[in-house]
Structure formats: C-alpha cells, structure tokens
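# just a sequence and a predicted model for now, questions to come.
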Amino acid sequence: MRTDLLSHIHEFKTLRPFVSAAKITCQQDLRGQTVAVIGLGVSGRAAVKLALARGASVIAVDKNKQLLPLESECQFAEHTNLRTVLGDFDRKFLENSDRVVVSPGVPLENYGLSALLQSGRVVMSELDFSAEVLPSSIKILAVTGTNGKSTVSTFAAQMLHQLGIKAFVGGNLGNPLSEAAIQCLESYSGKEIFQVAVVEVSSYQMEIPNQYFCPSVAVVLNLTPDHLERHKTMWNYAVTKCRVFSHMNNNKLALLPAGNQHLREAFRDHMDKCNVAWIGDLPGVEINMESKVANLIIPTSGLITQLPLGGMKAMGTHNYHNAAVAAFSVLGLDIGIDADSIYATIESLNPPPHRMQIAVYRDDHGVTWVDDSKATNVEATYAGLMGLKEQKSVVLLGGLAKESSGFEQLVEPLKCHRGVITFGASGMMIQKVLRDGGLTIACVRATNLEDAVSFARSMASYGDAIVLSPGCASFDEFRNFEHRGKVFQDLAFSVH
C-alpha cells in the first residue's frame, strides 16, 4: 500500500498529464482534476484509460493486493499522473478527489461509497463516466433484464453490422463503454467511428443514479429473482433496472415486459417521459409461435409490420423472442432501416458463446452437444428447456445454486427429455428437489462436471442432445461461466 495518499492527490492536481503526439487532439476536459477509479477489473481499467485520455490525474484503487500496479504495464507506463493503490487505505482521500468512478463489481457499501454519494460528492458509474463524452450523434440501444440481454444485444449488433451500420457493441457484454468513449476522443479525422452503441447493461451498472447515460431505445427484457444478495429485495432490483429510463424523453423508446408487476410499478416514474412499448402486447412485440411470426408496432415511428422468424437457425424457441425484440429495438432507433432489411438478417443470427451454443453437431455417436453455461439461474435454464421441447436431451444441472433456487419449476419441462445429471456443490439438493417434485425420468448425481459429462454420454441415444444448462453459478468449480463452458466444450470434443 502506498503512503501519504492525501499529499499524492495534492501533487497530482499540480501535474500536467503526459500526452503523446498521436493523442494531442484528445479532449482534455478533466485536465487539472483528480479521478479515483475504484475496482480494477475490465471496466475499471477501461475507466482509468478514459480518465487519462481526458487529461485527469488518476488514482486506481483495488482491494486485491495480489494485482500488479497499473504503472508496471506497458499501456500505462507513459503516464506519470497515474498511481495504483492496492489493499486497505484511508477512505478520506476519496473526498479529496474531484470524481470517483466505480466499477460495477464494487458494491456501494464498500469504501464508504454510499455515504460519499449521499454527501453530494461526484460519484459515477463507469457507464455514466463514459457516456458523458460520447457524441450526441451516436444513438444508444441499451438492453437489460435478468436473462437474455447478451443474446438480444448480440442479435441487434449482428443485424446492424449486416446492414452496413457502424456499431459499437459492449457494456456488460465484455467491452466496456469507456472503450467506445476513448475511440471517439482519439478520432481526430472528423469522421464518425460508429452510428450506434449497443450496450448491454447490468443492474450493478445502474446502482448509482446516472446523469449522462441516455439511450435512444432502452429495453428491460424480464425480471426474476437474481442478485438479491446485493439488491436485497425485488423492488430494489426493479427500481435499479428502471434507472435505464431516467433521462429518456418523448422521442425515446422504452420496451418492457407486459406482465411483470414489479417493473410496471417501478416504471411509473418514467411512464410520462418517453414512448412506451411492451414485450407480449401492442404497441410492442407479440409473437405467434405457431406461425413463427412477430407482430411489431413501434409507437415512435408508427411502423406496423410482421416479421417472419421461421428461417432462424439459432437453437431454442426462446431465441425467436430474442430476435423479435432485437429487430424491434433496431427499427426503433429510426436510422433508416426498414422491416424488409431486418428480415434479411434473421437467418444468419448466431447467439453469443455459452448461450445455447452448439459446441458439437452430431458427433461420432450422433449426439449434439449444447453449451448453455450462461444459464446461471433457474429462470435461464427454464427458458432454454422450453426451447428444446422437440429435441430429446440429457440435461446437466449443477454448480453453486443461488438462495432462491426454484428448481422445482424445472420438473415439468424436463419430463419430455432423456434424463438429468446433477453435479457440483448443489447437485444433491437439485436431485432431491426434482425427485420430490415428481420427476420420473432418470436423474443421476455426479461429483463434478467431468463426471457428469461421462454419465451423460452413456445415457444419450443417437439423435439426442447433451445440454449443459446448469441453473447455478460456477464458482464451486470454475472461475466463471465462460470457464465452465470452455471445459464442457473440451470434454465434448474429447469423447469422439
């Protein structure tokens, strides 16, 4: 841990940031100010880069003492106005910073951030910090919700790219919005880098009320119990999600699920500020699953159209809903795209990795392997299973279950499948809940994912699928859901 932090801050305010010749045209609106960035994960590191690009002196903070100081990395080595603080420190130095930028992984209870925010100090999310400098000409499509937000964001981005629209894709999806802001600052050619920013937004990114993040179209896909260890109640969770609409006015478009009472109530404060459409009602998006056609009515433009979805190749019927919402959102941006153009993109849509991703199609034993490792809660698994009614499968459930797990709701959609393998820290609990709930198909418990794959391989018949859709967090055995999915795919490839 570094000493004399308060004196460092005073020193920083007198420093002139080092700016290379290539970046001399960058906006320097924070010159002479000190920005403290809390949390040095992907978003925090991007925020540090953005703060430096804006001319600030930066103190980068993380509780993990095992991290290397940012100054030791080549990309930061040129910046004499950067200091990294790891481990415990005197929180008073945050009060002497001009701004505090908080990474989404850092709860407001940490570092006294909640009290600092209430005191009127400038405390911002990484999302808002980056949105502050995005050109107003860039239209933002924001997608949030408990489940499906990565897939809808990915589908929307694929539609835009196929239609020749330059789009940034990121946010919670993996590429922080700060990276988009940096690209804009460093563009001295005068040309538009992109016309649209497709931003996946998590509830963690919305905990701090935003001032600058103002989407042209914002979508809340759904709301089911998740992250309650941080948000405490479903009401808090709903209010946090609905902050995505905070600064949207009458020419903006909000899309919400028609039947979610928590969201309807939380949205009341924003109802009169923007145009409203519904998922499952009109105006908005309604899908006839029998004909595989989506009916779309967009209130901002008055567009009324039908979108055939039968040509989709993405696995799972829930992806018809994801594609329809993505299409509605892209059309709602009002950037000169018509319904016929959107229809031409449907057939080539591909979900992001680990979301009902076909890892192996028909291996040597005629079995298809499906990686849905991103299903970290029961609701996501339920959605995946509902999309597999016509595909006999062996389903792998397990990992570290969340408090309000609700595995009993999987009994009905599992009945049409070949069997279930439970595994990991919550494997025994899941097996008991399913059996007590009346599950009649084979339900075997394995110790870990590798054993679960082995059991599944012996259970599957020709033409079946083996589907990893855990309904649990991965942290009992893996670093994250991506690591879990990668291991599953490696195991799938190793058996044929």
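In hand now; what should we look at?
# rest of the way, CA atoms for contacts and neighbours
Fine.
# okay, now the unreliable bits of the stretch 151-300 of the chain?
Across the stretch 151-300 of the chain, the ranges flagged by pLDDT under 70 are 188-192, 226-229, 231-232.
# can you give me the strands for it?
167-171, 196-200, 217-220, 253-257, 275-279, 284-288, 293-298 (DSSP state E, counting those that start in this stretch).
# which stretch among those comes nearest residue 384?
Evaluated over the strands of the stretch 151-300 of the chain, closeness to residue 384 peaks at strand 284-288, with 17.3 Å, by Cα to Cα.
# so residue 395, which state does it fall into?
Following DSSP: H, G, I helix; E, B strand; the rest coil, residue 395 is assigned to strand.
# surely it touches residue 468?
Yes: judged on Cα atoms under 8 Å, residue 395 makes contact with residue 468 at a distance of 6.1 Å.
# so the two - more neighbours on which side?
Shown here are residue 395 and residue 468; by other Cα atoms under 10 Å, residue 468 has more neighbours (31 against 26).
# how close does the more buried one sit to residue 372?
Separation of residue 468 from residue 372 (Cα to Cα, to the nearest Å) stands at 5 Å.
# according to the record, where do the domains of this protein fall?
5-121, 130-348, 357-494 (automatic domain parsing).
# ends of the last one, what's the gap?
This points to domain 357-494. Domain 357-494: ends 17 Å apart by Cα to Cα.
# re earlier: can you check which of the strands of the stretch 151-300 of the chain gets nearest to residue 385?
Short answer: strand 284-288, nearest of the strands of the stretch 151-300 of the chain by Cα to Cα, at 18.5 Å.
# that closest one versus strand 253-257: what angle between them?
40 degrees (axes from the mean of the first three to the mean of the last three Cα atoms, to 10 degrees).
# OK, contacts around the residue nearest the centre of the chain?
Nearest residue to the geometric centre of the chain (Cα atoms, centre = their mean): residue 172, 3.9 Å. Residue 172 sits next to 199-202 when contact means Cα atoms under 8 Å, 6 or more residues apart in numbering.
# contacting residues for the nearest residue to residue 351 once chain neighbours are set aside?
Distances taken as Cα to Cα, 6 or more residues apart in numbering place residue 151 nearest to residue 351, at 5.5 Å, with adjacent residues excluded. For residue 151, the contact set (Cα under 8 Å, 6+ apart) comprises 322, 351-352, 355.
# which ones among the residues you listed lie within helices?
Under the assignment DSSP state H, the contacts of residue 151 contribute residue 322 to helices.
# now, among the contacts of residue 151, which is nearest to residue 67?
So of these, ranked by how close each gets to residue 67 (Cα to Cα), first place is residue 352, at 29.5 Å.
# wait, the closest one touches residue 150, no?
Yes: assessed by Cα under 8 Å, residue 352 is found in contact with residue 150 at 7.1 Å.
# of these two, who's got more company?
For residue 352 versus residue 150, the count of surrounding residues by other Cα under 10 Å is larger for residue 150: 26 against 16.
# got the buried residues for the helix or strand harbouring that one?
Assigned by DSSP states H and E, residue 150 belongs to helix 149-162. Of all the residues in helix 149-162, those buried under the rule 16 or more other Cα atoms under 10 Å are 149-160.
# and if you look at stretch 452-469?
Those buried within stretch 452-469 under the rule 16+ other Cα under 10 Å are 452-453, 455-457, 459-461, 464-469.
# do the same with stretch 267-274
Buried residues in stretch 267-274 (16+ other Cα under 10 Å): 267, 270, 273-274.
# next: stretch 325-336.
325-333.
# ok, and what's touching it?
Against stretch 325-336 from outside (Cα under 8 Å, 6+ apart): 139, 141, 152-153, 155-156, 159-160, 216-219, 253, 279, 284-285, 296, 298, 300-301, 337-339, 342.
# and residue 430, how many neighbours?
26.
# that should have said residue 74, apologies.
Residue 74: 9 neighbours (other Cα under 10 Å).
# SS state for the closest residue to residue 380 other than its chain neighbours?
Spatial nearest neighbour of residue 380, excluding adjacent residues (Cα to Cα, 6+ apart): residue 147 at 6.0 Å. Under three-state DSSP, residue 147 falls in the coil class.
# residue 147: how many residues sit nearby?
22.
# I'd guessed it sits against residue 222; true?
Yes: if you go by Cα under 8 Å, residue 147 and residue 222 touch, sitting 6.8 Å apart.
# who are the contact partners of residue 481?
354, 373-374, 376, 473-474.
# one more pass at 7 Å, please.
Going by Cα atoms under 7 Å, 6 or more residues apart in numbering, residue 481 touches 373-374, 474.
# hang on, the earlier thing: list buried residues within the contacts of residue 151.
Here, 16+ other Cα under 10 Å leaves 322, 351-352, 355 buried among the contacts of residue 151.
# so which of the buried residues of stretch 267-274 is the closest to residue 164?
residue 274 (28.2 Å).
# quick check: closest non-adjacent residue to that closest one.
residue 250 (4.1 Å).
# tally of neighbours for the one you found?
Neighbours of residue 250 (other Cα under 10 Å): 12.
# what residues are up against it?
273-275.
# in CSV: the residues you listed, plus distance to residue 236.
Formatted as CSV, the contacts of residue 250 follow (distance: Cα to Cα, whole Å):
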residue, distance to residue 236
273, 21
274, 22
275, 24
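# and the contacts of stretch 325-336, which of them are buried?
139, 141, 152-153, 155-156, 159-160, 216-219, 253, 279, 284-285, 296, 298, 300, 339, 342.
# do you know how far the nearest residue to residue 322 once chain neighbours are set aside is from residue 144?
Once flanking residues are discounted, residue 322 sits nearest to residue 152: 5.2 Å by Cα to Cα, 6+ apart. Distance of residue 152 to residue 144, given as Cα to Cα: 9 Å.
# just the helices in the stretch 51-200 of the chain please.
Secondary structure of the stretch 51-200 of the chain (DSSP state H, counting those that start in this stretch): helices at 92-95, 113-118, 126-131, 149-162, 177-186.
# wait, which of the buried residues of stretch 267-274 is closest to residue 168?
Scanning those for proximity to residue 168, where the rule is Cα to Cα, the winner is residue 274, at 24.1 Å.
# can you report phi and psi for that closest one?
When read as degrees, to the nearest 10, the backbone of residue 274 gives phi -150, psi 170.
# residues touching it, list them.
248-254.
# ok, residue 201 next?
If you count contacts by Cα under 7 Å, 6+ apart, then residue 201 has 142-144, 171-172 around it.
# do the same with residue 28
54-55.
# in three-state terms, label it for me.
coil.
# how far away is it from residue 166?
Residue 28 is 26 Å from residue 166, by Cα to Cα.
# please report how far residue 111 lies from residue 38.
Counting by Cα to Cα - residue 111 and residue 38 are separated by 9 Å.
# out of these two, which sits in the more crowded spot?
residue 38 (30 against 18).
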